[in-house]
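Enquirer: What follows is a predicted protein model with its sequence.
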There are 2 protein chains.
Amino acid sequence: MKRRGHDPESVLRIAVGVFNERGYDGTSMEDLARALGVTKSAIYYHVPGKEQLLGRVLDVALDGLFTMIADPRASTGRAITRLEWVVRQSVTILVDRLPYVKVLLRVHGNSPTETRALERRREFDRFISALVKEAAGDGDLRPDIDPSLATRLLFGTVNSIAEWYQPARGASADQLADAVLKLTFNGLRVP
Amino acid sequence: MKRRGHDPESVLRIAVGVFNERGYDGTSMEDLARALGVTKSAIYYHVPGKEQLLGRVLDVALDGLFTMIADPRASTGRAITRLEWVVRQSVTILVDRLPYVKVLLRVHGNSPTETRALERRREFDRFISALVKEAAGDGDLRPDIDPSLATRLLFGTVNSIAEWYQPARGASADQLADAVLKLTFNGLRVP
């Protein structure tokens, strides 16, 4: 019988599951070998190392965000419209790439790979923060919340979805995005 | 010279710092002894064990929340007013007990102590969820967001503060609570 093969995508998909289950720091190369169904020595044929694998996992999440903000819809038109589009897309990316985003949200900068990911996250945050400031400058956002604080709360709301969302049941990405946009832009209260 | 003494409060305050720095799973009794400035054998004079210490840390966070919802202001008056009060108090508790709440938010149920804490968190969530449903039933909350989803997003916004808040600089607990209430109940958009 032919030995089970793994392409890079399936290695990554299995690894991100193990990282989320055991925590990245709690995952050993042996855990990864077991999950892939290969021997401990064969794992190095598939994966140069744990940190390199983490780098690829983080790139899946971050590349999604950076592809989004490179889209013309993130840079053309009224700032508040762009901001709403970016928030909607962020929810969609979070749902589509949930295990990858979960790993990203837990990164604390304990290695060069994590530091680089944090630097990219900060770059993304600066883009959002500039967009919030521009929308506030247009008079479209209430002036009595500091734009930096608004940015943090807005993306805090989006990212908190990763804590509880289960793809198999409940709201779809679109319904979730609708709810997030209504709550953050219009509020829960009936006017 | 008399050996440095530790009362239970200072042990807890130091331990919660170590838990947040190293992660609970990554913390050894040796790490705790080092942080307390006692020998590895003396640590058991101060602390029966790591899990018992975790239990006390989680109780500091959870007791704050349960004391709050036992207050008459959480059970008397119009539901939306009670809900707003509860959200404001939750932000205050999070800021006042930040390191304890951070440990609580990272608990995943890996031990009886964690399972008990998660059960208490769920009890708190049920209280909030009932309050949101009551306010929606009064016609005070927009009917086009499911109350369970509204509850998750509302507390997702509150809890996300723990990810970035630094007590020494930036907004006070009151300013933060104001911003959270404005964003979640009235929205960022200028009407």
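Expert: In hand now; what should we look at? Numbering: from 1, shown residues only, chains lettered A, B, ... in the order given.

Enquirer: who are the neighbours of the helix or strand of chain A with the lowest mean pLDDT, in terms of helices and strands?
Expert: Lowest on mean pLDDT, DSSP states H and E among the helices and strands of chain A sits helix A:43-46, with a mean of 85. In terms of contacts (3 or more Cβ pairs under 8 Å, 6 or more residues apart in numbering or on different chains; DSSP states H and E), helix A:43-46 is packed against helix A:29-36. The way it works is simple: take the backbone N, C-alpha and C, and place the C-beta from them, glycine included.

Enquirer: quick one on the thing from earlier: skip ahead from the least confident helix or strand of chain A and say which helix or strand is next.
Expert: Downstream of helix A:43-46, the first helix or strand assigned by DSSP states H and E is helix A:50-69.

Enquirer: What are the buried residues along that following helix?
Expert: By 16 or more other Cβ atoms under 10 Å in any protein chain shown, the buried positions in helix A:50-69 come out as A:50, A:53-62, A:64-65, A:68-69.

Enquirer: and that helix with helix A:29-36, angle?
Expert: 60 degrees (axes from the mean of the first three to the mean of the last three Cα atoms, to 10 degrees).

Enquirer: Let's see helix A:50-69 as CSV, backbone CA atoms only.
Expert: The C-alpha coordinates for helix A:50-69 follow below in CSV (Å, rounded to 0.1, in the frame of the first residue of the first chain):
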residue,chain,number,x,y,z
LYS,A,50,7.7,24.4,13.8
GLU,A,51,8.4,28.1,13.6
GLN,A,52,8.5,28.0,9.8
LEU,A,53,5.1,26.3,9.8
LEU,A,54,3.8,29.0,12.2
GLY,A,55,5.1,31.6,9.7
ARG,A,56,3.0,30.0,6.9
VAL,A,57,0.0,29.8,9.1
LEU,A,58,0.3,33.5,10.0
ASP,A,59,0.8,34.5,6.4
VAL,A,60,-2.5,32.8,5.4
ALA,A,61,-4.3,35.1,7.8
LEU,A,62,-2.3,38.2,7.1
ASP,A,63,-2.2,37.8,3.3
GLY,A,64,-6.0,37.8,3.4
LEU,A,65,-6.1,41.1,5.2
PHE,A,66,-3.5,42.7,3.0
THR,A,67,-5.1,41.5,-0.2
MET,A,68,-8.3,43.1,1.0
ILE,A,69,-6.8,46.5,1.8
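
Enquirer: got the contact list for that helix?
Expert: Here helix A:50-69 makes contact (Cβ atoms under 8 Å, 6 or more residues apart in numbering or on different chains) with A:8, A:11-12, A:15-16, A:19, A:24, A:27-29, A:32, A:47, A:74-75, A:86, A:89-90, A:93, A:96-97, A:100-101, A:103-104, A:107, A:111-114, A:116-117, A:120-121, A:124, A:127.

Enquirer: mind listing what the residue nearest the centre of chain A touches?
Expert: With distances taken as Cα atoms, centre = their mean, A:Val101 lies nearest the centre of chain A, 3.2 Å away. Counting by Cβ under 8 Å, 6+ apart, A:Val101 touches A:Ala61, A:Ile93, A:Leu94, A:Asn159, A:Ala162.

Enquirer: Looking at those residues, which are in helices?
Expert: Among the contacts of A:Val101, the members falling in helices (DSSP state H) are A:Ala61, A:Ile93, A:Leu94, A:Asn159.

Enquirer: and the second one, how many neighbours does it have?
Expert: Using other Cβ atoms under 10 Å in any protein chain shown, the number of residues around A:Ile93 comes to 21.

Enquirer: Quick check: closest non-adjacent residue to it.
Expert: Closest residue to A:Ile93 apart from its sequence neighbours, by Cβ to Cβ, 6 or more residues apart in numbering or on different chains: A:Gly64 at 4.3 Å.

Enquirer: Quick check, pLDDT for the one you found.
Expert: The model reports A:Gly64 with a pLDDT of 97.

Enquirer: any idea how far B:Trp164 is from it?
Expert: 22 Å (Cβ to Cβ, to the nearest Å).

Enquirer: now A:Leu58
Expert: Taken as Cβ to Cβ, the span from A:Leu58 to B:Trp164 is 19 Å.

Enquirer: now swap in A:Glu84 and tell me
Expert: 23 Å.

Enquirer: Okay, angle between the helix ranked longest in chain A and helix A:50-69 too, please.
Expert: If you go by DSSP H, chain A has its longest helix at helix A:112-137. Per the same axes, to 10 degrees, the angle that helix A:112-137 makes with helix A:50-69 is 20 degrees.

Enquirer: Please spell out which residues along helix A:112-137 are buried.
Expert: A:113-114, A:116-117, A:120-121, A:124, A:127-129, A:131-136.

Enquirer: Ok, stretch A:84-100 next?
Expert: A:84-95, A:97-100.

Enquirer: Which residue, other than its chain neighbours, is closest to A:Arg106?
Expert: A:Tyr24 (7.2 Å).

Enquirer: Give the residue spans of chain A that score low on pLDDT.
Expert: Low-confidence segments of chain A (pLDDT under 70): A:1-4.
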